[in-house]
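Trainee: My questions concern the predicted model and sequence given below.
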Amino acid sequence: MKIAVEGCMHGDLDKVYDTLRQLEETEGVKIDLLLCCGDFQAVRNENDLRCANIPQKFRTMNSFWKYYSGQAVAPYPTIFIGGNHEASNYLWELYYGGWAAPNIYFLGFAGVVKFGNIRIGGLSGLHKQKDYHLGHYERPPYNEQTIRSVYHVRHYDVLKLMHVKEPLDIFLSHDWPLGITEYGDWQKLIREKHFFEEEVKSRTLGSKPAAELLNKLKPPYWFSAHLHCKFAAIIQHGEDGPTTKFLALDKCLPGRNFLQVIDIPCNPGPYEIQYDEEWLAITRKFNSAFPLTRAPFRMRDEQLDTQDDRQWVRIKLNTRGAKPFDFVQTAPSFDPSNRGSNASVIGHCRNPQTESFLQLLELPYLLDSSSHGGVDRNESSSQAGYTPDDDDIELPDEVEDPAEGDE
């Protein structure tokens, strides 16, 4: 199976798909799947653009809306995770994962799916310690703080992934695992990105939760993006343990290393994206503890027994099948001939895919819960003016190349 991996998409689906078509023609290969490591920007319309933390000079519709509306069709099955430049209102509709457009699947805030017999896991967002133990309290319309905090990784989602016991083949994260630079050519990295030097040498570059997942899951492949550069590393897990090949990729720009194709042994096709039995069992086990307020979420890291849930899910999937529920549009698509036609910002929309998914697992719908435990989910809107954090400030890359100031 030939899998193409892309770094930061930034809504440039047309360019990435065209590049893959050219690669197929010149190399005489067939791409079976495309994976994207975040900043996908599934922006359907101008409302979505307002719900994305994107600097004003980079706020353009790009091309996802064509695939959402049906004007274009993704030529390859595509799986993506979220980054820090996303239409967070739309991704929240699909918190558990689902079709963002026909043939384009969002893995969820955390998730595992199967493609053929290949298991692919992923974690959306960026790690920010101050928000890590909070619940998912943010709801659209976002204010100056929540438009950033909504994509910050939460302990709850990491804890679910820490319960995955069966081997994964591929894992996706937007930011890099903490300490990953020790396993590759970090000297070359800081020559090319000199403003990373302090973080690399002090071992503060990257995400601690991602490093914990890497140590626990030990997948053969781990792909990341975010820092807009290519970096490779090989991690040996113990003296005689398995190895992980790590690769970070750039964003889609001419002359940049934003794409890599790997060949993974697998069962004969045809291949399709399917629910993962173990992940559905974990989702079912943890949903009652879903934290939805600013109150700190505390749950012991000890392994919970999911065997009963696993057996229950297996019966359900044997009856229904493992194919995800069909794509459904929940908002109008951008119309280039009628700009400003969807100028009003709306609140949360229940996505029929998510409703059907929760009905399958016999779980309640909680994504539009307004207040659990008496804590206002958007209380930050009444606080003093927002002070940016270091991961909200644009990287110095902008000084070197004005085209890169969206990190």
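Mentor: In hand now; what should we look at?
Trainee: CA atoms for contacts and neighbours, from now on please.
Mentor: Will do.
Trainee: Where does pLDDT dip in the chain?
Mentor: Along the chain, the parts satisfying pLDDT under 70 run over 301, 340-345, 370-407.
Trainee: Test my guess that residue 66 contacts residue 74.
Mentor: No. Using Cα atoms under 8 Å, residue 66 is not in contact with residue 74, being 9.7 Å away.
Trainee: Looking at the two, which one has more neighbours?
Mentor: Set residue 66 next to residue 74 and count neighbours by other Cα atoms under 10 Å: residue 66 wins out with 21 against 18.
Trainee: Could I get the CA-only coordinates of stretch 81-100 as CSV?
Mentor: Taking C-alpha atoms only, stretch 81-100 is exported to CSV below (Å, rounded to 0.1, in the frame of the first residue of the first chain):
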residue,chain,number,x,y,z
ILE,A,81,-5.9,15.6,12.1
GLY,A,82,-6.4,19.1,13.3
GLY,A,83,-3.7,21.7,14.0
ASN,A,84,-3.7,25.3,15.3
HIS,A,85,-5.1,26.9,12.2
GLU,A,86,-8.5,25.2,11.8
ALA,A,87,-12.2,25.9,11.4
SER,A,88,-12.7,24.8,15.0
ASN,A,89,-16.5,25.2,14.9
TYR,A,90,-16.7,22.5,12.1
LEU,A,91,-14.2,20.1,13.7
TRP,A,92,-16.1,20.3,17.0
GLU,A,93,-19.2,19.0,15.1
LEU,A,94,-17.0,16.0,14.3
TYR,A,95,-15.2,15.6,17.6
TYR,A,96,-15.4,11.8,17.4
GLY,A,97,-14.3,11.8,13.8
GLY,A,98,-16.2,11.8,10.5
TRP,A,99,-16.4,12.9,6.9
ALA,A,100,-15.5,16.6,6.6
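Trainee: now it, how far from the centre of its chain.
Mentor: From the chain centre to the centre of stretch 81-100 is a distance of 7 Å (Cα atoms, centre = their mean, to the nearest Å).
Trainee: measure stretch 178-192 end to end?
Mentor: Its start and end residues considered, stretch 178-192 measures 19 Å (Cα to Cα, to the nearest Å).
Trainee: measure stretch 273-292 end to end?
Mentor: Start to finish, the residues bounding stretch 273-292 are 29 Å apart (Cα to Cα).
Trainee: So which residues make contact with that stretch?
Mentor: Here stretch 273-292 makes contact (Cα atoms under 8 Å, 6 or more residues apart in numbering) with 77, 111-116, 119, 134-137, 156, 160, 163-164, 166, 297, 306-307, 309-310, 312-314, 317, 322-324, 361, 363, 369, 371-372, 377.
Trainee: in it, what's buried?
Mentor: By 16 or more other Cα atoms under 10 Å, the buried positions in stretch 273-292 come out as 273-287, 291-292.
Trainee: give me every residue that touches residue 19.
Mentor: Taking Cα under 8 Å, 6+ apart, we find residue 19 in contact with no residue.
Trainee: quick one: it is in a helix?
Mentor: Yes. Residue 19: assigned to a helix according to DSSP: H, G, I helix; E, B strand; the rest coil.
Trainee: Let me know the distance separating it from residue 300.
Mentor: Distance from residue 19 to residue 300, by Cα to Cα: 46 Å.
Trainee: any idea how far residue 286 is from residue 306?
Mentor: Noted for residue 286: a distance of 10 Å to residue 306, by Cα to Cα.
Trainee: ok, now residue 48?
Mentor: Distance from residue 48 to residue 306, counting by Cα to Cα: 37 Å.
Trainee: Compare those two and say which is more crowded by neighbours.
Mentor: For the pair residue 48 and residue 306, the greater number of neighbours falls to residue 48 (24 against 18), based on other Cα under 10 Å.
Trainee: Let's verify the more buried one: helix, strand, or coil?
Mentor: For residue 48, the assignment made with three-state DSSP gives helix.
Trainee: So for it, what's the nearest residue that isn't a sequence neighbour?
Mentor: Excluding its sequence neighbours, the residue lying closest to residue 48 (Cα to Cα, 6 or more residues apart in numbering) is residue 87, at 5.2 Å.
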